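In: This is the structure alone, sequence omitted:
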């Protein structure tokens, strides 16, 4: 290998590291402590205080996920919700997921809790990739020309298709008012801000 090719290889590696430094992954944060929730071990006690019971991890297509069951729920009429009405996230780590995965989770939680302001419990925020834990993972951009990335293999196909279809409907009807705060019991379809408005640390 010539000195020129070695120099080009080193330059390419440096550019790759620079790109990784500029990338931001998403995470669901517990608003009351203002801390990101990285694993189900951290999420489970929070969900327990809200009345949810963690179910054993199970295969969901190509993903291993954990669902949370809400024993206190009454029979409710069907509403337009994500494919699984139980809150569900990949197992064991829940950081670095697609925005649709977090929308499905928070929408499902609020389906049962009917909070006027679900952001008092959970919100989604961007954060840098971890130099150790995230280095070996494969990442994809959530949107073209976006600094936000997600772990390859998430979300599951059903969730992705459901929320993408809803996004198209909202665009066609000029109804792009996704809020982080929802007013009243009739929760809007998604109570997260658009990806472009997500705060990145």
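Out: Sure, I can see it. Predicted model only: the values in this text are computed from it and were never measured.

In: what ranges do the strands span in the protein?
Out: With DSSP state E as the criterion, the chain has strands at 24-30, 35-36, 53-54, 58-60, 63-69, 88-90, 122-128, 139-141, 148-151.

In: Give me whichever of the ones you listed is most buried.
Out: Among the strands of the chain, strand 88-90 has the highest mean neighbour count (mean count of other CB atoms under 10 Å), at a mean of 24. Quick note: C-beta positions are derived from backbone N, CA and C, even for glycine.

In: before we move on, the earlier item: least confident of the strands of the chain, on average?
Out: Of all the strands of the chain, mean pLDDT reaches its minimum on strand 58-60 (a mean of 86).

In: who does that one touch, helix- and strand-wise?
Out: Contacts defined by 3 or more CB pairs under 8 Å, 6 or more residues apart in numbering; DSSP states H and E place strand 58-60 against strand 63-69.

In: picking up where we left off before, quick check: which of the strands of the chain is nearest to residue 112?
Out: strand 63-69 (9.3 Å; CB to CB).

In: Residues contacting stretch 42-51, please?
Out: Outside stretch 42-51, the residues that touch it by CB atoms under 8 Å, 6 or more residues apart in numbering are 30, 37, 54, 68, 70-72, 87, 89, 94, 109, 112-113, 121.

In: how about a cut-off of 10 Å?
Out: Outside stretch 42-51, the residues that touch it by CB atoms under 10 Å, 6 or more residues apart in numbering are 28, 30, 32-33, 35-37, 40, 52-54, 66, 68-73, 87, 89, 94, 105, 109, 112-113, 115, 121-122.

In: How about the contacts made by the closest residue to residue 36 other than its chain neighbours?
Out: Nearest non-adjacent residue to residue 36, counting by CB to CB, 6 or more residues apart in numbering: residue 27, 4.1 Å away. Contacts for residue 27 (CB under 10 Å, 6+ apart) come out as 35-38, 93-97, 102, 123-127, 201.

In: what are the bridge partners for residue 58, then?
Out: Going by DSSP bridges, residue 58 is paired in beta bridges with residue 65.

In: quick one: it from residue 155, how far?
Out: 16 Å (CB to CB, to the nearest Å).

In: For the closest residue in space to residue 151 that isn't next to it in sequence, give me the backbone phi and psi.
Out: Nearest residue to residue 151, sequence neighbours excluded (CB to CB, 6+ apart): residue 96, at 4.6 Å. The phi/psi pair for residue 96 (degrees, to the nearest 10) reads phi 70, psi 30.

In: Test for you: state the pLDDT assigned to residue 96.
Out: Residue 96 is assigned 95 on the pLDDT scale.

In: That one contacts residue 89, doesn't it?
Out: No - the pair residue 96 / residue 89 is not scored as a contact, 11.4 Å apart, by CB atoms under 10 Å.
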